[in-house]
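> how would this look folded up:
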Amino acid sequence: MQDEAKQTRREFTPAEIGALAHLYRGEVYRSTIWRTRLDTTTNWSVISLGVAFSIAFSSPEASALPILLIGILILTFLMLEARRYRYFNVWRARARYMEIHFYAPMLVDGDLHTEQNWQKVLADDYWRPNYHVSFLTAMGRRIRRNYLWILTVQMVAYVGKLVIHPVSATSLNQVVRRADIGPIPGELVLGIGLLYLAAFLIIAEITGQRDARRSALRDRGKAIG
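Got it, this is the predicted structure:
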């Protein structure tokens, strides 16, 4: 068995180790660039929500509609950020994979354990590059990371606007009536808002469970990402 393991073990030359080091630096650089792009779309969402707050709370008579409409823009930014995250995850996952299977073993005992064929998994990812996560999974991760808080603030601000402006509401029915938008009753508006927030919660929960299963598989060294 030991002889068979020695036959399947692949030893890297100093030149190959140097090439892997440069490859790792390149993957870290690319992941850093795309990480910055993720922050950009999050900032856009926060700034846009702040502008909507400024308009809606500028006076007691101002409409709460901008807070609702900004939700469409936030959804657009979330979808854009999920797309960017799929690219970021490719570079981040490769860098992390090399840290686990190349740098960490090198620091411990110098044995890279190439008999585990981790280098073949990495090579296959370069030969046939592909996204490591689905668009829905990317959305779920960004929701759990940032957008759940943004959407919660949006919802609280909208309800708060209905309660305090133009004067403090004295009944639930008064709050619902203030949510009316033209011929659209307030009950429908609030119901759509709750469904909007619930949809994000469901996506976050489902993808979170998937990520837990992926993490277990990745810990066994059978997947990148």
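> hey, which helix is longest across this structure?
Taking DSSP state H as the criterion, the chain has its longest helix at helix 14-56.
> tell me which element the closest residue to H165 other than its chain neighbours is part of?
Closest residue to H165 apart from its sequence neighbours, by CB to CB, 6 or more residues apart in numbering: P60 at 4.5 Å. From N, CA and C alone the C-beta is placed, and that goes for glycine too. Here P60, judged by DSSP states H and E, is contained in no helix and no strand.
> all numbers from here: first residue = 219
Sounds good: first residue 219 from here, last item P278.
> List the contacts of P278.
Each residue near P278 by CB atoms under 8 Å, 6 or more residues apart in numbering is listed here: 383-385.
> Neighbour-wise, which one of the residues you listed leads?
Most neighbours among the contacts of P278, by other CB atoms under 10 Å: H383, with 18 neighbours.
> helix/strand/coil for the residue nearest the centre of the chain?
Taking CA atoms, centre = their mean, the centroid of the chain lies closest to R360, which sits 2.3 Å from it. Using DSSP: H, G, I helix; E, B strand; the rest coil, the structure places R360 in helix.
> Next, count neighbours for the residue nearest to it when sequence neighbours are not counted.
Take R360 and drop its neighbours on the chain: the residue closest to it by CB to CB, 6+ apart is E299, 5.2 Å away. Neighbourhood size, E299 [other CB under 10 Å]: 26.
> now the angle from the very next helix or strand once past the longest helix of the chain to helix 232-274?
Going down the chain from helix 232-274, the next helix or strand is helix 283-316, by DSSP H and E. Put simply, helix 283-316 runs at 170 degrees to helix 232-274, going by axes from the mean of the first three to the mean of the last three CA atoms, to 10 degrees.
> neighbouring contacts of whichever helix or strand comes after helix 283-316?
Going down the chain from helix 283-316, the next helix or strand is helix 322-326, by DSSP H and E. By CB under 8 Å, 6+ apart, the surrounding residues in contact with helix 322-326 are 329-331.
> Name only those of the residues you listed that count as buried.
Buried members of the contacts of helix 322-326, scored by 16 or more other CB atoms under 10 Å, are L330.
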